[in-house]
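Chemist: any chance you could fold what I've pasted below:
(one chain, ligands or ions: 1)
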Amino acid sequence: MHDYNIIKFKTISSTNTYLKDNFESLPEFTVVTSDIQTGGKGRMGREWQSDEGNLYFSILLKNSVNKIKKNSISAITLIVGLAVTKVLNEYTSCMIKWPNDVLVGNRKICGILCEAISYDKVKALVIGVGLNLNQTTFSNEIKSKAISLKNIINKDSDKINILSKILKQFDLEYAKFCKGDKGYIAQLNKFSYLNNKNAYIKGENVKILGIDDNGLLKVEARDGVKLVTSGEVTLTDTYEVTK
Ligand code: BTN
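Modeler: Numbers count the residues shown, from 1 in each chain. Presented below is the predicted three-dimensional model:
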(Lines give C-alpha, C1' and ligand atoms only; values in the text may rest on other atoms or scores of the structure.)
Protein backbone atom coordinates (compact mmCIF):
# COMPACT_ATOMS: atom_id res chain seq x y z
CA MET A 1 0.00 0.00 0.00
CA HIS A 2 1.13 3.56 -0.69
CA ASP A 3 2.30 5.65 2.18
CA TYR A 4 -0.37 8.30 2.30
CA ASN A 5 0.80 11.65 3.62
CA ILE A 6 -2.14 12.55 5.86
CA ILE A 7 -2.77 16.16 6.90
CA LYS A 8 -5.56 16.75 9.41
CA PHE A 9 -7.36 20.02 10.06
CA LYS A 10 -10.01 20.87 12.61
CA THR A 11 -11.49 23.55 10.36
CA ILE A 12 -10.64 24.52 6.81
CA SER A 13 -12.48 26.20 3.98
CA SER A 14 -12.34 23.16 1.69
CA THR A 15 -9.98 20.19 1.57
CA ASN A 16 -10.17 20.27 -2.25
CA THR A 17 -9.17 23.93 -2.34
CA TYR A 18 -6.29 23.30 0.06
CA LEU A 19 -4.82 20.65 -2.21
CA LYS A 20 -5.40 22.70 -5.36
CA ASP A 21 -3.58 25.64 -3.76
CA ASN A 22 -0.67 23.54 -2.51
CA PHE A 23 -0.37 20.67 -4.99
CA GLU A 24 3.06 21.71 -6.23
CA SER A 25 4.79 21.39 -2.87
CA LEU A 26 2.92 18.30 -1.63
CA PRO A 27 3.71 14.70 -2.54
CA GLU A 28 1.38 12.49 -4.53
CA PHE A 29 -1.06 10.59 -2.31
CA THR A 30 -1.33 13.42 0.18
CA VAL A 31 -4.71 13.16 1.88
CA VAL A 32 -6.25 16.16 3.62
CA THR A 33 -9.09 15.75 6.09
CA SER A 34 -10.99 18.30 8.10
CA ASP A 35 -13.60 17.92 10.85
CA ILE A 36 -15.45 20.98 9.54
CA GLN A 37 -15.37 22.81 6.20
CA THR A 38 -16.50 26.41 6.12
CA GLY A 39 -16.64 26.53 2.31
CA GLY A 40 -17.28 22.92 1.33
CA LYS A 41 -17.86 22.58 -2.41
CA GLY A 42 -20.19 20.25 -4.26
CA ARG A 43 -20.52 19.64 -7.97
CA MET A 44 -21.87 22.29 -10.31
CA GLY A 45 -20.82 25.13 -8.02
CA ARG A 46 -23.08 23.94 -5.23
CA GLU A 47 -22.29 24.20 -1.54
CA TRP A 48 -21.47 21.02 0.40
CA GLN A 49 -22.76 21.50 3.93
CA SER A 50 -19.91 20.33 6.15
CA ASP A 51 -20.87 20.27 9.80
CA GLU A 52 -18.87 18.35 12.36
CA GLY A 53 -19.43 14.58 12.52
CA ASN A 54 -18.91 13.53 8.92
CA LEU A 55 -15.87 12.55 6.93
CA TYR A 56 -14.47 15.16 4.56
CA PHE A 57 -11.26 14.38 2.74
CA SER A 58 -9.39 14.91 -0.52
CA ILE A 59 -6.72 12.84 -2.22
CA LEU A 60 -3.96 14.35 -4.37
CA LEU A 61 -2.81 12.42 -7.44
CA LYS A 62 0.13 13.75 -9.42
CA ASN A 63 2.67 11.63 -11.30
CA SER A 64 0.36 8.68 -11.78
CA VAL A 65 -2.21 10.80 -13.67
CA ASN A 66 0.34 12.21 -16.12
CA LYS A 67 0.38 8.82 -17.82
CA ILE A 68 -3.38 8.41 -17.91
CA LYS A 69 -5.31 9.47 -21.01
CA LYS A 70 -7.54 12.50 -20.47
CA ASN A 71 -10.69 10.55 -21.31
CA SER A 72 -9.95 8.03 -18.56
CA ILE A 73 -9.66 10.64 -15.83
CA SER A 74 -13.35 10.51 -14.95
CA ALA A 75 -12.92 6.80 -14.31
CA ILE A 76 -10.86 7.74 -11.25
CA THR A 77 -13.92 9.37 -9.65
CA LEU A 78 -15.73 6.09 -10.20
CA ILE A 79 -12.88 4.14 -8.62
CA VAL A 80 -13.10 6.31 -5.51
CA GLY A 81 -16.88 5.73 -5.53
CA LEU A 82 -16.26 2.01 -5.78
CA ALA A 83 -13.86 2.11 -2.82
CA VAL A 84 -16.44 3.98 -0.71
CA THR A 85 -19.22 1.61 -1.79
CA LYS A 86 -17.22 -1.48 -0.91
CA VAL A 87 -16.41 -0.15 2.55
CA LEU A 88 -19.99 1.00 3.24
CA ASN A 89 -21.32 -2.36 2.08
CA GLU A 90 -19.73 -3.83 5.21
CA TYR A 91 -22.40 -1.91 7.14
CA THR A 92 -25.37 -1.47 4.81
CA SER A 93 -26.36 -2.04 1.24
CA CYS A 94 -25.44 0.90 -0.98
CA MET A 95 -25.02 1.68 -4.66
CA ILE A 96 -23.07 4.01 -6.93
CA LYS A 97 -25.06 6.57 -8.84
CA TRP A 98 -22.96 7.43 -11.85
CA PRO A 99 -20.91 9.58 -12.01
CA ASN A 100 -20.14 10.53 -8.44
CA ASP A 101 -22.67 9.66 -5.76
CA VAL A 102 -23.13 6.79 -3.37
CA LEU A 103 -26.71 6.12 -2.34
CA VAL A 104 -28.50 4.10 0.28
CA GLY A 105 -31.97 3.50 -1.09
CA ASN A 106 -32.77 6.74 -2.91
CA ARG A 107 -30.79 8.89 -0.49
CA LYS A 108 -27.29 10.20 -0.89
CA ILE A 109 -24.72 9.17 1.69
CA CYS A 110 -21.61 10.30 -0.18
CA GLY A 111 -20.66 12.79 -2.89
CA ILE A 112 -17.39 12.99 -4.79
CA LEU A 113 -15.90 16.06 -6.45
CA CYS A 114 -12.97 15.48 -8.78
CA GLU A 115 -11.04 18.57 -9.89
CA ALA A 116 -8.23 18.47 -12.43
CA ILE A 117 -5.31 20.87 -12.50
CA SER A 118 -4.38 20.93 -16.14
CA TYR A 119 -2.70 23.13 -18.66
CA ASP A 120 -2.17 21.26 -21.89
CA LYS A 121 -2.31 17.96 -20.06
CA VAL A 122 -3.45 16.92 -16.60
CA LYS A 123 -0.83 17.85 -13.99
CA ALA A 124 -2.69 16.79 -10.90
CA LEU A 125 -6.03 15.56 -9.76
CA VAL A 126 -7.81 16.35 -6.52
CA ILE A 127 -10.59 13.98 -5.54
CA GLY A 128 -12.75 15.14 -2.66
CA VAL A 129 -15.10 12.91 -0.74
CA GLY A 130 -17.90 13.97 1.59
CA LEU A 131 -19.30 10.99 3.47
CA ASN A 132 -22.21 11.42 5.87
CA LEU A 133 -21.19 9.40 8.88
CA ASN A 134 -22.40 10.68 12.23
CA GLN A 135 -24.74 13.55 11.35
CA THR A 136 -28.33 12.63 12.20
CA THR A 137 -30.34 15.64 11.02
CA PHE A 138 -29.98 17.58 7.80
CA SER A 139 -31.13 21.04 6.74
CA ASN A 140 -34.63 21.37 5.24
CA GLU A 141 -33.11 21.79 1.82
CA ILE A 142 -31.54 18.32 1.73
CA LYS A 143 -33.28 16.33 4.43
CA SER A 144 -35.44 14.31 2.04
CA LYS A 145 -32.42 13.39 -0.08
CA ALA A 146 -29.61 12.82 2.41
CA ILE A 147 -28.80 9.99 4.80
CA SER A 148 -25.92 9.19 7.12
CA LEU A 149 -24.44 5.91 8.29
CA LYS A 150 -25.64 6.74 11.80
CA ASN A 151 -29.20 7.07 10.48
CA ILE A 152 -28.87 3.44 9.43
CA ILE A 153 -26.77 1.71 12.09
CA ASN A 154 -27.75 3.94 15.04
CA LYS A 155 -24.24 4.42 16.29
CA ASP A 156 -21.25 6.64 15.67
CA SER A 157 -18.49 5.45 13.37
CA ASP A 158 -14.82 6.20 13.79
CA LYS A 159 -13.85 8.61 11.02
CA ILE A 160 -10.21 7.57 10.85
CA ASN A 161 -11.06 3.89 10.75
CA ILE A 162 -13.47 4.42 7.85
CA LEU A 163 -10.98 6.70 6.08
CA SER A 164 -8.20 4.13 6.31
CA LYS A 165 -10.47 1.39 4.96
CA ILE A 166 -11.45 3.59 2.00
CA LEU A 167 -7.82 4.51 1.28
CA LYS A 168 -6.82 0.84 1.38
CA GLN A 169 -9.56 -0.08 -1.10
CA PHE A 170 -8.72 2.86 -3.34
CA ASP A 171 -5.08 1.86 -3.32
CA LEU A 172 -5.90 -1.66 -4.51
CA GLU A 173 -8.31 -0.57 -7.24
CA TYR A 174 -6.23 2.37 -8.44
CA ALA A 175 -3.05 0.27 -8.75
CA LYS A 176 -4.95 -2.15 -11.00
CA PHE A 177 -6.45 0.73 -13.00
CA CYS A 178 -2.98 2.23 -13.59
CA LYS A 179 -1.86 -1.11 -15.05
CA GLY A 180 -4.75 -1.01 -17.52
CA ASP A 181 -6.91 -3.57 -15.70
CA LYS A 182 -10.58 -2.83 -16.47
CA GLY A 183 -11.91 -5.17 -13.79
CA TYR A 184 -13.39 -2.23 -11.93
CA ILE A 185 -16.01 -1.75 -14.65
CA ALA A 186 -17.75 -5.06 -13.90
CA GLN A 187 -17.71 -4.19 -10.21
CA LEU A 188 -19.16 -0.76 -10.91
CA ASN A 189 -21.97 -2.29 -12.94
CA LYS A 190 -22.72 -4.67 -10.10
CA PHE A 191 -23.26 -1.69 -7.80
CA SER A 192 -24.71 0.72 -10.38
CA TYR A 193 -27.93 2.35 -9.20
CA LEU A 194 -28.86 3.67 -12.63
CA ASN A 195 -28.66 0.44 -14.61
CA ASN A 196 -31.95 -0.52 -16.31
CA LYS A 197 -33.67 2.67 -15.22
CA ASN A 198 -35.43 5.10 -17.52
CA ALA A 199 -34.07 8.60 -17.51
CA TYR A 200 -34.23 11.96 -19.18
CA ILE A 201 -30.80 13.05 -20.34
CA LYS A 202 -30.02 16.10 -22.43
CA GLY A 203 -33.53 16.41 -23.80
CA GLU A 204 -34.10 12.73 -24.50
CA ASN A 205 -35.91 9.86 -22.83
CA VAL A 206 -33.47 6.98 -22.60
CA LYS A 207 -33.00 3.64 -20.95
CA ILE A 208 -29.76 3.26 -19.04
CA LEU A 209 -27.82 0.18 -20.10
CA GLY A 210 -24.78 0.46 -17.86
CA ILE A 211 -21.28 1.84 -17.45
CA ASP A 212 -19.03 1.24 -20.46
CA ASP A 213 -15.36 0.25 -20.63
CA ASN A 214 -14.19 3.86 -20.26
CA GLY A 215 -16.48 4.71 -17.38
CA LEU A 216 -19.05 6.49 -19.56
CA LEU A 217 -22.79 5.89 -19.22
CA LYS A 218 -24.23 3.74 -21.98
CA VAL A 219 -27.85 4.57 -22.79
CA GLU A 220 -30.39 3.42 -25.34
CA ALA A 221 -32.12 6.33 -27.04
CA ARG A 222 -34.77 6.18 -29.75
CA ASP A 223 -32.14 6.41 -32.46
CA GLY A 224 -29.68 3.93 -30.98
CA VAL A 225 -27.11 3.35 -28.26
CA LYS A 226 -25.20 6.43 -27.06
CA LEU A 227 -22.54 7.30 -24.51
CA VAL A 228 -23.07 10.05 -21.96
CA THR A 229 -20.00 11.81 -20.63
CA SER A 230 -21.28 13.86 -17.73
CA GLY A 231 -24.08 16.01 -16.43
CA GLU A 232 -27.24 15.51 -14.53
CA VAL A 233 -29.32 12.43 -15.01
CA THR A 234 -33.00 12.86 -14.25
CA LEU A 235 -34.73 9.59 -13.59
CA THR A 236 -38.24 9.13 -14.89
CA ASP A 237 -40.84 6.53 -13.85
CA THR A 238 -41.12 6.37 -10.09
CA TYR A 239 -37.52 7.05 -9.28
CA GLU A 240 -36.49 10.11 -7.37
CA VAL A 241 -33.87 12.61 -8.41
CA THR A 242 -31.07 12.86 -5.89
CA LYS A 243 -29.21 15.92 -4.70
C1 BTN B 1 -21.21 16.48 -4.75
O2 BTN B 1 -21.90 15.47 -4.60
O3 BTN B 1 -21.70 17.52 -5.18
C4 BTN B 1 -19.75 16.40 -4.39
C5 BTN B 1 -19.50 16.71 -2.95
C6 BTN B 1 -18.04 16.64 -2.57
C7 BTN B 1 -17.79 17.10 -1.15
C8 BTN B 1 -16.36 16.88 -0.70
S9 BTN B 1 -16.15 17.12 1.03
C10 BTN B 1 -14.42 17.05 0.86
C11 BTN B 1 -14.08 17.78 -0.42
N12 BTN B 1 -13.91 19.20 -0.18
C13 BTN B 1 -14.86 19.93 -0.77
O14 BTN B 1 -14.95 21.17 -0.70
N15 BTN B 1 -15.69 19.14 -1.45
C16 BTN B 1 -15.30 17.74 -1.35
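
Chemist: what parts of this protein come near the ligand?
Modeler: Neighbours of the ligand within the chain, by Cβ under 6 Å from any ligand atom: 14-16, 37, 40-43, 46, 48, 56-58, 100-101, 111-113, 128-130. In short, each C-beta sits where N, CA and C put it, glycine included.

Chemist: other SSEs contacting the lengthiest helix in the chain?
Modeler: Counting by DSSP state H, the longest helix found in the chain is helix 159-178. Applying 3 or more Cβ pairs under 8 Å, 6 or more residues apart in numbering; DSSP states H and E, we find helix 159-178 packed against strand 30-37, strand 55-61, helix 73-88, strand 122-131, helix 183-190.

Chemist: how about it: buried residues?
Modeler: 159, 162-170, 173-174, 177 (16 or more other Cβ atoms under 10 Å).

Chemist: now do that helix against strand 55-61, angle only.
Modeler: Relative orientation of helix 159-178 versus strand 55-61 (axes from the mean of the first three to the mean of the last three Cα atoms, to 10 degrees): 30 degrees.

Chemist: assign K207 to helix, strand or coil.
Modeler: Secondary structure, DSSP: H, G, I helix; E, B strand; the rest coil: K207 is strand.

Chemist: tell me the domain ranges of the protein?
Modeler: What automatic domain parsing lists as the domains of the chain is 5-190, 198-235.

Chemist: per-stretch mean pLDDT over those, give me the minimum one.
Modeler: In terms of average pLDDT, domain 198-235 trails the rest of those, at a mean of 87.

Chemist: can you name the residue of the chain nearest the ligand?
Modeler: The ligand sits closest to G111 of the chain, with a gap of 2.2 Å, by Cβ to the nearest ligand atom.

Chemist: what sits opposite that residue in the beta ladder?
Modeler: According to DSSP bridges, the partner residues bridging G111 are D101, G130.

Chemist: what number of residues lie near it?
Modeler: G111 is flanked by 24 other residues according to other Cβ atoms under 10 Å.

Chemist: distance-wise, check it relative to G39.
Modeler: 15 Å (Cβ to Cβ, to the nearest Å).

Chemist: just T85 next, same as before
Modeler: Distance, T85 to G39, by Cβ to Cβ: 27 Å.

Chemist: and what of F29?
Modeler: 24 Å.

Chemist: of those two, who's got more company?
Modeler: A direct count of neighbours by other Cβ under 10 Å for F29 and G39 places F29 higher, at 21 against 12.

Chemist: so that one sits against Y4, correct?
Modeler: Yes: between F29 and Y4 there is a contact under Cβ atoms under 8 Å: 5.1 Å.

Chemist: pull up the overlap in contacts between the two.
Modeler: With contacts defined as Cβ atoms under 8 Å, 6 or more residues apart in numbering, the residues shared by F29 and Y4 are I59.
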